[in-house]
Each structure stands twice: as structure tokens, then as C-alpha cells.
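> next one to model:
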Amino acid sequence: MPLFTSTRSQKSHADFRSLFSDSATPFFFVLLGYSVKYAYTILITRKLGSYAMGVFSLSFTVVQVSSVIARLGVDSSLLRFISGFRSRKEDGRIKQLYLAGTFLVLSFGLLLSGLVYALSPWMATAVFKNPQMERAFHLASLGIVPLSLLYVEIESLRGLGFIKLYAFFLHSSIFLCSCLMLLAFLPFSLESYIPVAAFVAAVWLTLLLAKALFLVLFPFMSTTCQAAMPFMELIKNSLPLMLATSILLVMGWTDIIMLGMMTSANEVGVYHVVVKVASCAIIPAFAINAVATRKYAEYYESGDIPGLLNFISQASRLFFYVSFPLVLILGVFAPFVLSLFGRDFQLGSAALRILLVGQFMPAFSGSIGNILKMTNNQVPLQYCMVSALGINIILNALLIPRFGINGAAVASALSATFWNVAGGVFFYRRYGVNSFYLPGLSRKASS
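Take a look at the predicted model:
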């Protein structure tokens, strides 16, 4: 089947072709981001060992989980509504929405930061049974506010159309700064919490840079606020997005947390690396999504549903073709790739191959999660994700005690398969368009 097909509108055809050119720079930053993430991982594992990698992984998970809760889904709402306001040149409404979103995220971020700081001794001793992790959790609590606010800046920049800056800040900036910070800190200390300190410092620096650029690129001071939406309406629109987004992330973190509770920090460190390697399979898809997600929102907010459906049908093919070769290569050469991080990490080869199946599902389903979020179908997506999270937790509880990291990988792959298939089936039944793509799979509903 040819990659390009006839479309119902010239605009959707032109937008699809622009995915190639517009995705080039985001692809570079995604690739750079993965490179510096692996550099950071290698620095930790080679200089401090798998135990320090486990400490960082658990601390990083605490920061990420707290940040998702603090954001309340506001960042996703900003992307959706700012894209629409920008297309109608309503800068006053953008300013009001940006200020409201920043206030909400800052308020909840401060609350959660204080809560995590206060609970750090309990988490270290009662949950993870490792009192030495208390200092790492204290440091992690200081990263919750800046990371939460950084996502506000990132999605606001994407909504305004600054895709290159969005890709840089989302994928590259934090771990690029983290590498520099860790190199600066290592001569003075080899404690296991040092990677956490370097990460938190990097997040603060990245936030300051992102906010400065937003204020320069958007006429903030010269724009008068106009009513966009009340706080409660913003929260009402954002919460389902938060649940859908957070559950997807939490499913990945559930593996880490439950491994930390049932196994050793060393196994957590190995699994963290395996997850990072598996995610390489969707590097091109990340770059394409940087452009495609904003297009979904533009089509939907403008009411061009036929154009949206054609764009989705074409983009699904592209997601498949850019992801499948990487899945195949990483699966075949799994032991060699993991050996780059140290001999201990080769034990994760089977887990890597299992996770690659789960990583491929968003490509097979046409990135259905982003499609549903940008088309006001976040509530059905939320139901799919809640069900998948339940499946993930149950499978982890059953499989980790017996199979360790391989059990966690199976739980992750099966839950990812469930929500992608369920979301795709819902979209097909609602719009009559098949977001799934496999060569030879019938797409008559979208023709």
C-alpha cells in the first residue's frame, strides 16, 4: 500500500507533507535528548553504580508523579486552547489563560513539594525500606515546582507555534544541563544522591530560560488580558486531561515503584535503563507528534472534522513506518545495546524485547492518546487509561515476585496494548475512521 493516499482536503494533504519538513528539527532535539539521557545514565552507572541509578530512578519517579498531579492537566489545556486562540489572533485571551494556568500549577506545586518533603523519611523507611534514600527524596521535593511550571512554559510555546523551542525544552534541555551539573558535582562527592541534586539544579535553570524566552517571544507586557475562561472551567477541562496523561505516565512509574518495593535498588536500576532503551524505538514518533498534536487541535477547534480525519489516517501510516525498523533493530541487538551500560545490564535483554512490543503499540494505533486528548475525547481516554492502570497494577503484583523485571515488562506491555486498542476501537466507532495501521489492513472507513 502506498504511503500517500488521496485526501478530502488540500489543507490536510499539505499539512501531512509538512510533517516531514516540520519534524526535522524536533527529531534532532529528540535524538539529542535521548543522547544526553543515555550519557547521564552512563555517567551514573559507570561512576556510581547500579545502586545510585536505582536511587535516582525512584527519586525521579517521585518528582514526575508529583509534577503530573500539580499540573492538573493545565499544560494540555493550554496547548489545546492557545492553539485555537493563536489562530484567531486573540492574544489577550492567551495571556489570561497563561496567567491562570501558571497560578494554579504554582499553588498545587508548592503544596505537593511541602508534602513530599515532610513524607520523605516515611517513604524511605516504610515504603522502600532504605533510610539512606531520605536525603534523595528531600532533594527531589525541591524539583516539583520548577518541573511543573516548566511544562506550562513548554506547552504554551507549542501552542504559539514555536515547535523547535518546544522540542528543545521537552526533550533535550533538562538532561543536557543535568550532565553538566553532574560533571561539576562528581569531583566533590560520590554519594548516591548526587545525581538527584544535579537533576533538580538543571530543572531550575531550564525553567528560568524557558520563561525568559516565552516573555520575549510573546508580547506579554504590551497585551491586555481578555476573558478566556474562569478558573473552575479551566480545571473542569484540565482534570480529565490530567488523568489521561498522568495514568499513562504512572503506568510506567508503577513498574519502578513496585520493583522498588519488591526487589532491590540494583534491579530497579537495570529496569530503568531497559525502559530508556526501549523508548528509543519511538524517537521519530516523538518528533512527529511535536507537530501532529498541534495540528489535531487546530483542525478540531476550527471545526474541520473531515480534514482532521484525513490527516489522522495519513499520519498513522507515517507513525508505523518510522517506528517499526527501530523496534526490530533494538530487539535483535538487545544484549549488545545493554552491554554499553555495563555487564550487569545485559540481564535485562528479555525485558527489553518485551517492552518493545508495548512501545510499538502507539505507532500501531496512530498515537491514539494524543488524538483523543486534542479532540475533546479525554473522558473516554481516561476510562481506557484507568482500566489499563488497574491491569498494570494487578499484573505487576502477580508477576514481579516470581519473574522480577521480566514480570514488570510483561505487565507494562499488556497494559499498553489494552489502552491503545481500546482507544482506537472507540475512535473508530465514533468517527468511522480506523486509526490503526498495518500494511494490508483495510482502511475503507476512512476512504
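
> okay, the most centrally placed residue in the chain: pLDDT?
Closest to where the C-alpha atoms of the chain average out (CA atoms, centre = their mean) is Leu249, at 6.7 Å. What the model reports as pLDDT for Leu249 is 73.

> with the one 4 residues further on instead?
Here, the pLDDT recorded for Trp253 equals 73.

> leaving out the residues flanking it, which one is nearest to it?
For Trp253, ignoring the flanking residues on the chain, the nearest one in space by CB to CB, 6 or more residues apart in numbering is Thr61 at 4.5 Å. Using the backbone N, CA and C atoms, a C-beta is placed for each residue, glycine as well.

> and the one you found, how many neighbours?
By the measure other CB atoms under 10 Å, the count of residues near Thr61 is 22.

> what sits against it?
253, 256-257 (CB atoms under 8 Å, 6 or more residues apart in numbering).

> ok, Gly423 - contacts?
Applying CB under 8 Å, 6+ apart, the residues contacting Gly423 are 365, 368-369, 372, 380-381, 384.

> just those: which are in helices?
Judged by DSSP state H, the subset of the contacts of Gly423 located in helices is 368-369, 372, 380-381, 384.

> didn't Ser178 look like it was pressed against Phe199?
Yes. Judged on CB atoms under 8 Å, Ser178 makes contact with Phe199 at a distance of 5.0 Å.

> the two: which is more packed in?
The neighbour comparison of Ser178 against Phe199 (other CB under 10 Å) goes to Ser178, with 28 against 24.

> would you quantify the distance from Asp91 to Phe320?
The gap separating Asp91 from Phe320 is 38 Å, by CB to CB, to the nearest Å.

> what of Gly331?
Taken as CB to CB, the span from Gly331 to Phe320 is 16 Å.

> now the strands for the stretch 301-447 of the chain?
Counting by DSSP state E, counting those that start in this stretch, one finds no strands in the stretch 301-447 of the chain.

> ok so, going back, whichever of the contacts of Gly423 end up buried, select them in ChimeraX.
Per 16 or more other CB atoms under 10 Å, the buried members of the contacts of Gly423 correspond to this ChimeraX selection:
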select :365,368,369,372,380,381,384
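
> which one of the contacts of Gly423 sits closest to Val433?
Closest approach to Val433 among those (CB to CB): Ile368, at 11.1 Å.

> tell me who's in contact with the closest one.
362, 420, 423-424, 427, 435.

> can you check Tyr431 too?
305, 309.

> check Phe436 too.
316, 364-366, 424.

> could you list the low-pLDDT ranges of this structure?
Within the chain, the ranges that satisfy pLDDT under 70 run 1-23, 87, 220-223, 225-232, 241, 244-245, 440-447.

> wouldn't Gln378 be in contact with Pro240 here?
Yes. Between Gln378 and Pro240 there is a contact under CB under 8 Å: 4.0 Å.

> more neighbours: which of those two?
Counted by other CB under 10 Å, Gln378 and Pro240 do not tie: Gln378 has more neighbours, with 25 against 21.

> if I look at that one, how far off is Gly369?
Gln378 sits at a distance of 10 Å from Gly369 (criterion: CB to CB).

> and Phe333, by the same measure?
Here the criterion is CB to CB. By it, Phe333 lies 28 Å from Gly369.
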